[in-house]
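Enquirer: sequence unknown, structure follows:
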Ligand code: HEM
(Lines give C-alpha, C1' and ligand atoms only; values in the text may rest on other atoms or scores of the structure.)
Protein backbone atom coordinates (compact mmCIF):
# COMPACT_ATOMS: atom_id res chain seq x y z
CA UNK A 1 0.00 0.00 0.00
CA UNK A 2 2.79 2.36 0.96
CA UNK A 3 4.53 1.49 -2.32
CA UNK A 4 1.31 2.26 -4.30
CA UNK A 5 0.90 5.62 -2.57
CA UNK A 6 4.48 6.58 -3.25
CA UNK A 7 4.12 5.39 -6.93
CA UNK A 8 0.96 7.49 -7.42
CA UNK A 9 2.57 10.40 -5.64
CA UNK A 10 5.62 10.22 -7.92
CA UNK A 11 3.43 10.07 -11.09
CA UNK A 12 1.42 13.01 -9.84
CA UNK A 13 4.56 14.95 -8.95
CA UNK A 14 6.08 14.27 -12.40
CA UNK A 15 2.81 15.36 -14.05
CA UNK A 16 2.74 18.62 -12.09
CA UNK A 17 6.40 19.23 -12.94
CA UNK A 18 5.74 18.62 -16.65
CA UNK A 19 2.76 21.02 -16.60
CA UNK A 20 4.87 23.64 -14.87
CA UNK A 21 7.73 23.20 -17.36
CA UNK A 22 5.35 23.41 -20.36
CA UNK A 23 3.77 26.58 -19.00
CA UNK A 24 7.21 28.08 -18.47
CA UNK A 25 8.34 27.15 -22.00
CA UNK A 26 5.10 28.58 -23.39
CA UNK A 27 5.54 31.87 -21.60
CA UNK A 28 9.24 32.11 -22.48
CA UNK A 29 9.24 31.01 -26.11
CA UNK A 30 5.75 31.03 -27.54
CA UNK A 31 3.89 33.83 -25.75
CA UNK A 32 2.86 36.60 -28.14
CA UNK A 33 5.04 39.69 -28.19
CA UNK A 34 3.62 42.90 -26.76
CA UNK A 35 0.80 44.42 -28.84
CA UNK A 36 1.65 47.69 -30.59
CA UNK A 37 0.14 50.98 -29.47
CA UNK A 38 -3.24 51.89 -30.96
CA UNK A 39 -2.76 53.71 -34.28
CA UNK A 40 0.91 52.71 -34.57
CA UNK A 41 1.83 49.31 -36.04
CA UNK A 42 4.97 47.21 -35.85
CA UNK A 43 7.13 47.51 -38.97
CA UNK A 44 5.98 45.10 -41.71
CA UNK A 45 6.77 41.43 -41.31
CA UNK A 46 7.38 38.67 -43.89
CA UNK A 47 5.09 35.60 -43.69
CA UNK A 48 6.17 33.46 -40.72
CA UNK A 49 5.74 29.87 -39.53
CA UNK A 50 3.83 28.95 -36.38
CA UNK A 51 5.97 28.84 -33.21
CA UNK A 52 9.42 29.37 -34.81
CA UNK A 53 8.42 32.58 -36.64
CA UNK A 54 11.16 33.53 -39.13
CA UNK A 55 13.87 31.23 -37.77
CA UNK A 56 13.91 29.09 -40.94
CA UNK A 57 14.81 32.18 -43.02
CA UNK A 58 17.94 32.77 -40.96
CA UNK A 59 19.41 29.30 -40.83
CA UNK A 60 22.35 29.94 -43.10
CA UNK A 61 26.10 30.20 -42.73
CA UNK A 62 25.99 33.63 -44.39
CA UNK A 63 23.32 35.30 -42.24
CA UNK A 64 23.99 38.78 -43.72
CA UNK A 65 23.12 37.38 -47.18
CA UNK A 66 19.93 35.71 -45.92
CA UNK A 67 18.90 38.98 -44.30
CA UNK A 68 19.76 40.84 -47.51
CA UNK A 69 17.44 38.48 -49.43
CA UNK A 70 14.62 38.97 -46.91
CA UNK A 71 14.97 42.77 -47.19
CA UNK A 72 15.02 42.74 -50.99
CA UNK A 73 11.77 40.69 -50.97
CA UNK A 74 9.87 42.42 -48.16
CA UNK A 75 11.41 45.86 -47.63
CA UNK A 76 14.31 47.57 -45.81
CA UNK A 77 12.62 48.03 -42.41
CA UNK A 78 11.16 44.80 -41.03
CA UNK A 79 9.92 43.16 -37.88
CA UNK A 80 11.12 39.55 -37.58
CA UNK A 81 10.24 37.05 -34.87
CA UNK A 82 12.16 34.01 -33.64
CA UNK A 83 9.92 32.16 -31.17
CA UNK A 84 8.81 35.15 -29.11
CA UNK A 85 11.96 37.25 -29.59
CA UNK A 86 11.37 40.32 -31.77
CA UNK A 87 14.10 41.65 -34.05
CA UNK A 88 14.00 44.86 -36.05
CA UNK A 89 15.97 44.44 -39.26
CA UNK A 90 17.20 47.64 -40.92
CA UNK A 91 18.71 47.80 -44.43
CA UNK A 92 17.79 51.38 -45.16
CA UNK A 93 20.23 54.31 -45.00
CA UNK A 94 17.47 56.74 -43.99
CA UNK A 95 16.16 54.54 -41.16
CA UNK A 96 19.79 54.00 -40.02
CA UNK A 97 20.14 57.80 -39.95
CA UNK A 98 17.00 58.20 -37.84
CA UNK A 99 18.11 55.46 -35.43
CA UNK A 100 21.73 56.54 -34.97
CA UNK A 101 20.95 60.27 -34.87
CA UNK A 102 17.60 60.63 -33.07
CA UNK A 103 17.67 57.40 -31.00
CA UNK A 104 21.40 56.95 -30.38
CA UNK A 105 21.07 56.77 -26.58
CA UNK A 106 18.13 54.39 -26.83
CA UNK A 107 20.16 51.93 -28.96
CA UNK A 108 23.45 52.38 -27.12
CA UNK A 109 23.42 48.86 -25.70
CA UNK A 110 24.25 45.72 -27.66
CA UNK A 111 21.83 43.72 -25.51
CA UNK A 112 24.02 40.61 -25.49
CA UNK A 113 23.57 38.93 -22.09
CA UNK A 114 26.88 38.36 -20.28
CA UNK A 115 28.29 34.90 -19.59
CA UNK A 116 29.34 35.33 -15.96
CA UNK A 117 33.03 36.10 -15.59
CA UNK A 118 34.11 35.04 -19.06
CA UNK A 119 36.74 37.34 -20.57
CA UNK A 120 34.81 37.39 -23.85
CA UNK A 121 31.00 37.72 -23.73
CA UNK A 122 31.38 38.37 -19.99
CA UNK A 123 30.27 41.20 -17.77
CA UNK A 124 33.74 42.83 -17.57
CA UNK A 125 34.28 43.74 -21.22
CA UNK A 126 33.72 47.07 -22.99
CA UNK A 127 32.02 45.67 -26.11
CA UNK A 128 28.87 44.56 -24.33
CA UNK A 129 28.99 46.92 -21.36
CA UNK A 130 25.96 49.18 -20.94
CA UNK A 131 26.65 52.87 -21.63
CA UNK A 132 27.30 53.57 -17.92
CA UNK A 133 30.21 54.75 -15.77
CA UNK A 134 32.46 51.78 -16.58
CA UNK A 135 32.04 52.16 -20.36
CA UNK A 136 32.63 55.94 -20.14
CA UNK A 137 35.78 55.44 -18.04
CA UNK A 138 37.26 52.83 -20.39
CA UNK A 139 36.32 54.75 -23.53
CA UNK A 140 38.06 57.86 -22.18
CA UNK A 141 41.21 55.85 -21.41
CA UNK A 142 41.12 54.17 -24.82
CA UNK A 143 40.76 57.44 -26.70
CA UNK A 144 43.31 59.43 -24.68
CA UNK A 145 45.96 56.72 -24.23
CA UNK A 146 45.64 54.47 -27.29
CA UNK A 147 43.47 55.66 -30.14
CA UNK A 148 43.25 59.49 -30.07
CA UNK A 149 45.44 61.63 -32.41
CA UNK A 150 48.04 62.43 -29.71
CA UNK A 151 48.35 58.81 -28.56
CA UNK A 152 48.70 57.72 -32.16
CA UNK A 153 51.46 60.19 -32.82
CA UNK A 154 53.35 58.86 -29.79
CA UNK A 155 53.07 55.26 -30.98
CA UNK A 156 54.02 55.96 -34.61
CA UNK A 157 57.54 54.59 -34.06
CA UNK A 158 56.13 51.23 -32.89
CA UNK A 159 54.05 50.85 -36.04
CA UNK A 160 56.97 51.90 -38.25
CA UNK A 161 59.17 49.18 -36.67
CA UNK A 162 56.48 46.56 -37.26
CA UNK A 163 55.95 47.69 -40.86
CA UNK A 164 59.72 47.31 -41.42
CA UNK A 165 59.63 43.79 -39.97
CA UNK A 166 56.66 42.99 -42.22
CA UNK A 167 58.51 44.26 -45.28
CA UNK A 168 61.61 42.27 -44.24
CA UNK A 169 59.56 39.07 -44.08
CA UNK A 170 58.08 39.62 -47.55
CA UNK A 171 61.53 40.44 -48.93
CA UNK A 172 62.90 37.24 -47.45
CA UNK A 173 60.09 35.24 -49.07
CA UNK A 174 60.76 36.98 -52.40
CA UNK A 175 64.46 36.10 -52.20
CA UNK A 176 63.63 32.47 -51.49
CA UNK A 177 60.82 32.49 -54.10
CA UNK A 178 58.41 31.23 -51.46
CA UNK A 179 54.71 31.93 -51.41
CA UNK A 180 53.07 34.19 -48.80
CA UNK A 181 49.73 33.51 -47.11
CA UNK A 182 48.45 37.10 -47.12
CA UNK A 183 45.80 36.53 -44.41
CA UNK A 184 48.35 34.93 -42.08
CA UNK A 185 50.99 37.61 -42.56
CA UNK A 186 48.42 40.42 -42.23
CA UNK A 187 47.20 38.85 -39.00
CA UNK A 188 50.79 38.64 -37.65
CA UNK A 189 51.44 42.27 -38.56
CA UNK A 190 48.28 43.66 -36.92
CA UNK A 191 48.69 41.35 -33.95
CA UNK A 192 52.23 42.61 -33.35
CA UNK A 193 51.20 46.26 -33.78
CA UNK A 194 48.26 45.95 -31.34
CA UNK A 195 50.28 43.99 -28.75
CA UNK A 196 53.25 46.37 -28.95
CA UNK A 197 50.99 49.44 -28.70
CA UNK A 198 48.89 48.13 -25.84
CA UNK A 199 51.24 45.91 -23.81
CA UNK A 200 54.70 46.91 -24.97
CA UNK A 201 55.50 43.39 -26.20
CA UNK A 202 54.62 40.98 -28.97
CA UNK A 203 53.79 37.31 -28.64
CA UNK A 204 56.90 35.43 -29.61
CA UNK A 205 56.78 33.28 -32.75
CA UNK A 206 59.88 31.38 -31.63
CA UNK A 207 58.59 29.75 -28.46
CA UNK A 208 55.08 29.01 -29.82
CA UNK A 209 53.37 31.83 -27.86
CA UNK A 210 52.02 33.42 -31.07
CA UNK A 211 50.69 30.02 -32.23
CA UNK A 212 48.92 29.53 -28.90
CA UNK A 213 47.36 32.97 -29.20
CA UNK A 214 46.18 32.20 -32.75
CA UNK A 215 44.75 28.90 -31.49
CA UNK A 216 42.71 30.81 -28.92
CA UNK A 217 41.49 33.28 -31.57
CA UNK A 218 40.34 30.33 -33.72
CA UNK A 219 38.55 28.70 -30.79
CA UNK A 220 36.75 31.94 -29.92
CA UNK A 221 35.74 32.39 -33.56
CA UNK A 222 34.32 28.87 -33.66
CA UNK A 223 32.35 29.51 -30.48
CA UNK A 224 30.99 32.85 -31.67
CA UNK A 225 29.82 31.18 -34.89
CA UNK A 226 27.88 28.56 -32.96
CA UNK A 227 26.55 31.11 -30.51
CA UNK A 228 25.25 33.61 -33.05
CA UNK A 229 21.60 32.53 -32.96
CA UNK A 230 21.77 31.09 -29.44
CA UNK A 231 22.55 34.60 -28.20
CA UNK A 232 19.00 35.58 -29.13
CA UNK A 233 17.46 33.11 -26.71
CA UNK A 234 20.09 32.98 -24.01
CA UNK A 235 18.09 35.10 -21.59
CA UNK A 236 15.02 32.89 -21.95
CA UNK A 237 17.02 29.65 -21.74
CA UNK A 238 18.82 30.78 -18.62
CA UNK A 239 15.46 31.38 -16.94
CA UNK A 240 14.81 27.64 -17.25
CA UNK A 241 18.32 26.72 -16.14
CA UNK A 242 19.92 26.02 -19.54
CA UNK A 243 23.27 27.75 -20.14
CA UNK A 244 24.26 27.19 -23.75
CA UNK A 245 28.02 26.79 -24.42
CA UNK A 246 28.85 28.05 -20.93
CA UNK A 247 31.40 25.31 -20.26
CA UNK A 248 33.16 25.77 -23.60
CA UNK A 249 33.22 29.56 -23.17
CA UNK A 250 34.66 29.32 -19.67
CA UNK A 251 37.28 26.76 -20.78
CA UNK A 252 38.68 29.07 -23.49
CA UNK A 253 38.31 32.07 -21.18
CA UNK A 254 40.39 30.35 -18.49
CA UNK A 255 43.19 29.70 -20.98
CA UNK A 256 43.16 33.38 -22.01
CA UNK A 257 43.21 34.25 -18.34
CA UNK A 258 46.36 32.18 -17.74
CA UNK A 259 48.09 33.76 -20.74
CA UNK A 260 47.23 37.31 -19.67
CA UNK A 261 48.13 36.63 -16.06
CA UNK A 262 51.67 35.82 -17.21
CA UNK A 263 51.86 39.00 -19.31
CA UNK A 264 50.48 41.15 -16.48
CA UNK A 265 52.93 39.67 -13.97
CA UNK A 266 55.83 40.32 -16.36
CA UNK A 267 54.59 43.88 -16.80
CA UNK A 268 54.33 44.53 -13.09
CA UNK A 269 57.86 43.19 -12.56
CA UNK A 270 59.38 45.20 -15.42
CA UNK A 271 57.03 48.13 -16.07
CA UNK A 272 59.56 50.10 -18.17
CA UNK A 273 60.56 47.31 -20.53
CA UNK A 274 58.38 48.64 -23.39
CA UNK A 275 58.75 51.95 -25.24
CA UNK A 276 57.23 54.36 -22.69
CA UNK A 277 53.84 54.03 -21.00
CA UNK A 278 51.54 51.60 -22.78
CA UNK A 279 47.85 50.82 -22.23
CA UNK A 280 48.70 48.02 -19.80
CA UNK A 281 50.72 50.44 -17.62
CA UNK A 282 47.82 52.89 -17.72
CA UNK A 283 45.26 50.25 -16.72
CA UNK A 284 47.49 48.85 -13.97
CA UNK A 285 47.92 52.39 -12.60
CA UNK A 286 44.14 52.91 -12.68
CA UNK A 287 43.73 49.58 -10.84
CA UNK A 288 46.12 50.69 -8.08
CA UNK A 289 44.66 54.22 -7.90
CA UNK A 290 42.29 54.44 -4.94
CA UNK A 291 40.95 57.77 -6.19
CA UNK A 292 40.32 56.66 -9.79
CA UNK A 293 37.01 57.83 -11.34
CA UNK A 294 36.04 54.17 -11.63
CA UNK A 295 37.46 51.28 -9.63
CA UNK A 296 38.47 48.70 -12.23
CA UNK A 297 39.29 45.09 -11.39
CA UNK A 298 41.92 42.71 -12.80
CA UNK A 299 39.11 41.01 -14.72
CA UNK A 300 38.25 44.34 -16.41
CA UNK A 301 41.89 44.67 -17.51
CA UNK A 302 42.06 41.13 -18.86
CA UNK A 303 38.70 41.41 -20.64
CA UNK A 304 39.89 44.65 -22.28
CA UNK A 305 42.92 42.90 -23.80
CA UNK A 306 40.96 39.86 -24.92
CA UNK A 307 38.47 42.13 -26.73
CA UNK A 308 41.29 44.16 -28.22
CA UNK A 309 43.02 41.04 -29.53
CA UNK A 310 39.84 39.50 -30.89
CA UNK A 311 38.13 42.68 -32.16
CA UNK A 312 40.80 44.96 -33.53
CA UNK A 313 43.11 42.34 -35.07
CA UNK A 314 40.59 40.30 -37.05
CA UNK A 315 38.84 43.35 -38.48
CA UNK A 316 42.00 45.10 -39.70
CA UNK A 317 43.78 42.00 -41.03
CA UNK A 318 40.66 40.84 -42.91
CA UNK A 319 40.44 44.27 -44.56
CA UNK A 320 44.07 43.96 -45.75
CA UNK A 321 43.22 40.54 -47.20
CA UNK A 322 40.09 41.71 -49.09
CA UNK A 323 41.89 44.81 -50.35
CA UNK A 324 44.71 42.73 -51.84
CA UNK A 325 42.22 40.33 -53.44
CA UNK A 326 40.35 43.25 -55.06
CA UNK A 327 43.58 44.91 -56.23
CA UNK A 328 44.78 41.69 -57.85
CA UNK A 329 41.42 41.19 -59.58
CA UNK A 330 41.38 44.80 -60.84
CA UNK A 331 44.65 45.49 -62.74
CA UNK A 332 43.54 49.06 -63.54
CA UNK A 333 43.34 49.80 -59.80
CA UNK A 334 46.77 48.25 -59.25
CA UNK A 335 48.25 50.41 -62.00
CA UNK A 336 46.80 53.66 -60.61
CA UNK A 337 47.83 52.78 -57.07
CA UNK A 338 51.43 51.98 -58.05
CA UNK A 339 51.67 55.17 -60.05
CA UNK A 340 50.53 57.20 -57.06
CA UNK A 341 52.92 55.38 -54.68
CA UNK A 342 55.88 55.70 -57.06
CA UNK A 343 55.30 59.42 -57.53
CA UNK A 344 54.76 60.30 -53.84
CA UNK A 345 56.99 57.78 -52.03
CA UNK A 346 59.57 57.21 -54.80
CA UNK A 347 61.74 54.14 -55.07
CA UNK A 348 64.37 54.75 -52.45
CA UNK A 349 62.39 54.27 -49.24
CA UNK A 350 59.43 52.43 -47.71
CA UNK A 351 56.00 54.04 -47.36
CA UNK A 352 55.42 55.73 -43.98
CA UNK A 353 52.21 56.51 -42.17
CA UNK A 354 52.69 60.22 -42.75
CA UNK A 355 52.60 59.60 -46.55
CA UNK A 356 48.98 58.44 -46.38
CA UNK A 357 47.62 61.99 -46.24
CA UNK A 358 49.21 62.58 -49.66
CA UNK A 359 47.93 59.33 -51.16
CA UNK A 360 44.22 59.91 -51.89
CA UNK A 361 43.91 56.90 -54.20
CA UNK A 362 45.30 54.55 -51.54
CA UNK A 363 42.79 56.01 -49.04
CA UNK A 364 39.99 55.48 -51.58
CA UNK A 365 41.07 51.83 -52.10
CA UNK A 366 40.78 51.18 -48.33
CA UNK A 367 37.37 52.88 -48.16
CA UNK A 368 36.05 50.98 -51.16
CA UNK A 369 37.28 47.68 -49.67
CA UNK A 370 35.41 48.40 -46.44
CA UNK A 371 32.28 49.31 -48.41
CA UNK A 372 32.17 46.01 -50.30
CA UNK A 373 33.63 43.80 -47.58
CA UNK A 374 32.83 45.19 -44.11
CA UNK A 375 34.41 42.79 -41.57
CA UNK A 376 31.35 43.33 -39.33
CA UNK A 377 28.44 43.09 -41.81
CA UNK A 378 25.76 43.17 -39.09
CA UNK A 379 25.65 45.74 -36.30
CA UNK A 380 23.57 44.40 -33.38
CA UNK A 381 21.97 46.68 -30.76
CA UNK A 382 18.94 46.71 -28.48
CA UNK A 383 16.19 49.31 -27.98
CA UNK A 384 16.25 50.15 -24.27
CA UNK A 385 12.85 51.87 -24.31
CA UNK A 386 9.78 51.74 -26.51
CA UNK A 387 9.81 54.30 -29.30
CA UNK A 388 8.45 55.21 -32.71
CA UNK A 389 10.64 55.01 -35.80
CA UNK A 390 9.47 55.89 -39.30
CA UNK A 391 5.91 55.94 -37.91
CA UNK A 392 6.20 52.36 -36.57
CA UNK A 393 6.05 51.19 -32.97
CA UNK A 394 9.11 49.48 -31.41
CA UNK A 395 8.60 47.95 -27.93
CA UNK A 396 11.32 48.21 -25.25
CA UNK A 397 14.02 45.51 -25.21
CA UNK A 398 13.52 44.79 -28.93
CA UNK A 399 16.67 43.64 -30.68
CA UNK A 400 18.00 45.67 -33.58
CA UNK A 401 20.15 44.38 -36.42
CA UNK A 402 21.47 46.92 -38.94
CA UNK A 403 22.65 45.11 -42.08
CA UNK A 404 25.46 47.49 -43.08
CA UNK A 405 26.58 45.03 -45.79
CA UNK A 406 23.21 45.46 -47.51
CA UNK A 407 23.14 49.27 -47.10
CA UNK A 408 26.63 49.58 -48.60
CA UNK A 409 25.55 47.57 -51.66
CA UNK A 410 22.22 49.33 -52.18
CA UNK A 411 21.84 50.18 -55.92
CA UNK A 412 19.70 53.22 -55.04
CA UNK A 413 22.64 54.70 -53.11
CA UNK A 414 25.71 53.48 -54.96
CA UNK A 415 26.40 53.54 -58.68
CA UNK A 416 27.37 50.04 -59.89
CA UNK A 417 27.32 48.82 -56.27
CA UNK A 418 29.04 45.47 -56.89
CA UNK A 419 31.94 47.00 -58.81
CA UNK A 420 35.22 47.72 -57.01
CA UNK A 421 35.56 51.40 -57.90
CA UNK A 422 37.80 53.40 -55.49
CA UNK A 423 37.23 56.48 -57.72
CA UNK A 424 33.79 56.91 -56.11
CA UNK A 425 35.57 58.07 -52.94
CA UNK A 426 37.96 60.46 -54.65
CA UNK A 427 35.62 63.44 -54.69
CA UNK A 428 36.61 64.22 -51.08
CA UNK A 429 35.01 62.18 -48.33
CA UNK A 430 34.05 65.43 -46.56
CA UNK A 431 31.61 66.46 -49.27
CA UNK A 432 30.23 62.89 -49.16
CA UNK A 433 29.47 63.32 -45.46
CA UNK A 434 27.79 66.67 -46.13
CA UNK A 435 25.56 65.03 -48.76
CA UNK A 436 24.63 62.34 -46.24
CA UNK A 437 23.69 64.99 -43.67
CA UNK A 438 21.61 66.93 -46.21
CA UNK A 439 19.81 63.83 -47.43
CA UNK A 440 19.46 62.49 -43.85
CA UNK A 441 20.96 59.12 -44.73
CA UNK A 442 23.81 56.97 -43.37
CA UNK A 443 25.07 54.93 -46.27
CA UNK A 444 28.73 54.28 -45.32
CA UNK A 445 28.81 52.25 -42.10
CA UNK A 446 31.80 49.85 -41.90
CA UNK A 447 32.56 51.17 -38.41
CA UNK A 448 28.94 51.29 -37.21
CA UNK A 449 27.75 54.65 -35.93
CA UNK A 450 26.78 56.74 -32.92
CA UNK A 451 28.33 56.61 -29.46
CA UNK A 452 28.94 52.85 -29.74
CA UNK A 453 30.55 53.21 -33.17
CA UNK A 454 34.13 51.96 -33.55
CA UNK A 455 36.67 54.17 -31.71
CA UNK A 456 39.53 52.48 -33.63
CA UNK A 457 38.54 53.60 -37.15
CA UNK A 458 41.41 56.10 -37.58
CA UNK A 459 43.97 53.53 -36.44
CA UNK A 460 42.33 50.88 -38.64
CA UNK A 461 42.66 53.14 -41.73
CA UNK A 462 46.34 53.83 -40.96
CA UNK A 463 47.35 50.21 -40.35
CA UNK A 464 45.47 48.86 -43.37
CA UNK A 465 46.70 51.70 -45.61
CA UNK A 466 50.40 51.29 -44.77
CA UNK A 467 50.27 47.49 -45.06
CA UNK A 468 48.71 47.68 -48.54
CA UNK A 469 51.18 50.40 -49.48
CA UNK A 470 54.12 48.12 -48.56
CA UNK A 471 52.79 45.13 -50.52
CA UNK A 472 51.79 47.07 -53.64
CA UNK A 473 54.76 49.43 -53.74
CA UNK A 474 57.47 46.94 -52.82
CA UNK A 475 56.49 43.87 -54.82
CA UNK A 476 55.02 42.33 -57.95
CA UNK A 477 53.21 39.05 -57.26
CA UNK A 478 52.50 35.77 -58.93
CA UNK A 479 49.23 34.02 -58.04
CA UNK A 480 47.92 30.61 -59.10
CA UNK A 481 45.32 31.23 -61.83
CA UNK A 482 44.06 34.53 -63.28
CA UNK A 483 41.59 35.64 -60.66
CA UNK A 484 41.27 35.43 -56.89
CA UNK A 485 38.19 33.51 -55.69
CA UNK A 486 36.08 36.08 -53.79
CA UNK A 487 33.77 33.60 -52.01
CA UNK A 488 32.79 34.79 -48.51
CA UNK A 489 32.70 32.97 -45.20
CA UNK A 490 31.63 34.11 -41.72
CA UNK A 491 34.30 33.33 -39.13
CA UNK A 492 32.48 34.05 -35.91
CA UNK A 493 31.10 37.53 -36.50
CA UNK A 494 33.81 38.46 -39.03
CA UNK A 495 33.16 38.33 -42.77
CA UNK A 496 36.29 37.02 -44.44
CA UNK A 497 37.51 35.14 -47.54
CA UNK A 498 36.52 31.49 -47.84
CA UNK A 499 39.84 30.55 -49.52
CA UNK A 500 43.33 31.59 -48.45
CA UNK A 501 45.01 34.16 -50.66
CA UNK A 502 48.58 33.16 -51.50
CA UNK A 503 51.10 34.76 -53.79
CA UNK A 504 54.81 34.70 -54.46
CA UNK A 505 56.32 38.18 -54.10
CA UNK A 506 58.85 39.49 -56.62
CA UNK A 507 60.95 42.45 -55.45
CA UNK A 508 60.29 45.76 -57.29
CA UNK A 509 63.00 47.77 -55.53
CA UNK A 510 65.00 47.63 -52.31
CA UNK A 511 64.91 50.77 -50.13
CA UNK A 512 68.22 52.48 -49.44
CA UNK A 513 69.57 51.63 -45.98
C1 LIG B 1 39.24 48.01 -40.28
C2 LIG B 1 39.22 47.94 -38.99
C3 LIG B 1 37.98 47.94 -38.11
C4 LIG B 1 36.66 47.77 -38.41
C5 LIG B 1 36.04 47.53 -39.77
C6 LIG B 1 35.91 47.86 -37.16
C7 LIG B 1 34.54 47.75 -37.05
C8 LIG B 1 33.83 47.90 -35.88
C9 LIG B 1 32.38 47.84 -35.78
C10 LIG B 1 31.42 47.59 -36.94
C11 LIG B 1 32.06 48.04 -34.47
C12 LIG B 1 30.64 48.08 -33.89
C13 LIG B 1 30.14 49.51 -34.04
C14 LIG B 1 28.70 49.78 -33.66
O15 LIG B 1 28.08 49.03 -32.88
O16 LIG B 1 28.17 50.79 -34.14
C17 LIG B 1 33.29 48.21 -33.73
C18 LIG B 1 33.37 48.43 -32.37
C19 LIG B 1 34.55 48.58 -31.68
N20 LIG B 1 35.82 48.60 -32.22
FE21 LIG B 1 36.31 48.43 -34.17
N22 LIG B 1 36.80 48.08 -36.13
C23 LIG B 1 38.07 48.14 -36.67
C24 LIG B 1 39.25 48.38 -35.98
C25 LIG B 1 39.34 48.60 -34.63
C26 LIG B 1 40.57 48.90 -33.93
C27 LIG B 1 41.95 49.01 -34.59
C28 LIG B 1 40.24 49.03 -32.60
C29 LIG B 1 41.11 49.34 -31.41
C30 LIG B 1 42.37 49.24 -31.31
C31 LIG B 1 38.81 48.83 -32.48
C32 LIG B 1 38.10 48.88 -31.30
C33 LIG B 1 36.72 48.78 -31.20
C34 LIG B 1 35.99 48.87 -29.93
C35 LIG B 1 36.61 49.06 -28.53
C36 LIG B 1 34.63 48.75 -30.24
C37 LIG B 1 33.46 48.79 -29.25
C38 LIG B 1 33.02 50.22 -29.03
C39 LIG B 1 31.92 50.33 -27.98
O40 LIG B 1 31.19 49.37 -27.75
O41 LIG B 1 31.78 51.42 -27.42
N42 LIG B 1 38.30 48.57 -33.73
N43 LIG B 1 34.36 48.13 -34.61
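Expert: Arrived safely. Predicted model only: the values in this text are computed from it and were never measured.
Enquirer: Would you confirm that residue 400 contacts residue 382?
Expert: Yes: under the criterion of C-beta atoms under 8 Å, residue 400 makes contact with residue 382 at 6.4 Å. C-betas here are computed from N, CA, C, even on glycine.
Enquirer: what's the overlap in contacts for the two?
Expert: Shared contacts of residue 400 and residue 382, defined by C-beta atoms under 8 Å, 6 or more residues apart in numbering, are found at residue 107.
Enquirer: and those two? which has more neighbours close in?
Expert: residue 400 (23 against 19; other C-beta atoms under 10 Å).
Enquirer: Which of the three states applies to the more buried one?
Expert: The three-state assignment at residue 400 reads strand, by DSSP: H, G, I helix; E, B strand; the rest coil.
Enquirer: Show the contacting residues for it.
Expert: Neighbouring residues of residue 400 by C-beta under 8 Å, 6+ apart: 87, 88, 90, 99, 107, 380, 381, 382, 383.
Enquirer: let's go with 10 Å and repeat that
Expert: By C-beta atoms under 10 Å, 6 or more residues apart in numbering, residue 400 lies in contact with 86-90, 99, 103, 106-107, 109-111, 379-383, 389, 394.
Enquirer: when you check the ligand, which of these turn up near it?
Expert: Cross-checking the contacts of residue 400 against the ligand (C-beta under 6 Å from any ligand atom) gives residue 379 as the overlapping residues.
Enquirer: what does the chain have sitting close to the ligand?
Expert: So far as C-beta under 6 Å from any ligand atom goes, the chain lies against the ligand at 126-127, 139, 147, 308, 311-312, 315-316, 319, 370, 375-376, 379, 446-449, 452-456, 459-460, 464.
Enquirer: backbone phi and psi for residue 387, please?
Expert: The phi/psi pair for residue 387 (degrees, to the nearest 10) reads phi -160, psi 180.
Enquirer: Quick one: residues contacting it.
Expert: 99, 102, 103, 106, 107, 393, 394, 395, 396, 398.
Enquirer: if we can go back for a sec, which of the residues of the chain next to the ligand count as buried?
Expert: Taking 16 or more other C-beta atoms under 10 Å as the criterion, what is buried in the residues of the chain next to the ligand is 126-127, 139, 147, 308, 311-312, 315-316, 319, 370, 375-376, 379, 446-449, 452, 454-456, 459-460, 464.
Enquirer: Just the ones in strands from those residues, please.
Expert: residue 379 (DSSP state E).
Enquirer: mind listing the helices for the stretch 151-300 of the chain?
Expert: Applying DSSP state H, counting those that start in this stretch to the stretch 151-300 of the chain gives helices spanning 156-176, 182-199, 209-239, 246-269, 279-288, 298-307.
Enquirer: What mean pLDDT does the strand or helix carrying residue 56 get?
Expert: Residue 56 belongs to helix 55-58 when assigned by DSSP states H and E. Averaged across helix 55-58, the pLDDT comes to 87.
Enquirer: So what's the model's average confidence on the next helix or strand after it?
Expert: Next along the chain after helix 55-58, taking DSSP H and E as the criterion, comes helix 63-74. Averaged over helix 63-74, pLDDT sits at 96.
Enquirer: Quick one: list the elements packing against helix 63-74.
Expert: Using 3 or more C-beta pairs under 10 Å, 6 or more residues apart in numbering; DSSP states H and E as the contact test, the elements touching helix 63-74 are helix 55-58, strand 77-82, strand 85-90, strand 378-382, strand 399-403, helix 404-407, strand 488-491.
Enquirer: Show me which residues of it are buried.
Expert: 63, 64, 65, 66, 67, 68, 70, 71, 74.
Enquirer: For the nearest residue to residue 173 once chain neighbours are set aside, the count of nearby residues, please.
Expert: Closest residue to residue 173 apart from its sequence neighbours, by C-beta to C-beta, 6 or more residues apart in numbering: residue 180 at 5.1 Å. The number of residues packed near residue 180 is 21, by other C-beta under 10 Å.
Enquirer: Residue 180 and the ligand, how far apart?
Expert: Separation of residue 180 from the ligand (C-beta to the nearest ligand atom, to the nearest Å) stands at 21 Å.
Enquirer: Dig out what that residue forms beta bridges with.
Expert: Under DSSP bridges, the beta-bridge partners of residue 180 are residue 503.
Enquirer: quick one: pLDDT of it?
Expert: Note for residue 180: predicted pLDDT of 97.
Enquirer: just residue 227 next, same as before
Expert: 64.
Enquirer: likewise residue 274?
Expert: Per-residue pLDDT puts residue 274 at 55.
Enquirer: Would you enumerate the residues in contact with the residue nearest to the spatial centre of the chain?
Expert: In the chain, the centroid-proximal residue (C-alpha atoms, centre = their mean) is residue 376; its distance is 4.6 Å. Counting by C-beta under 10 Å, 6+ apart, residue 376 touches 64, 311, 314-315, 318, 404-405, 445-448, 454, 493-495.
Enquirer: Which residue is it, in the stretch 151-300 of the chain, that comes closest to the ligand?
Expert: Residue nearest to the ligand within the stretch 151-300 of the chain: residue 194 (6.2 Å; C-beta to the nearest ligand atom).
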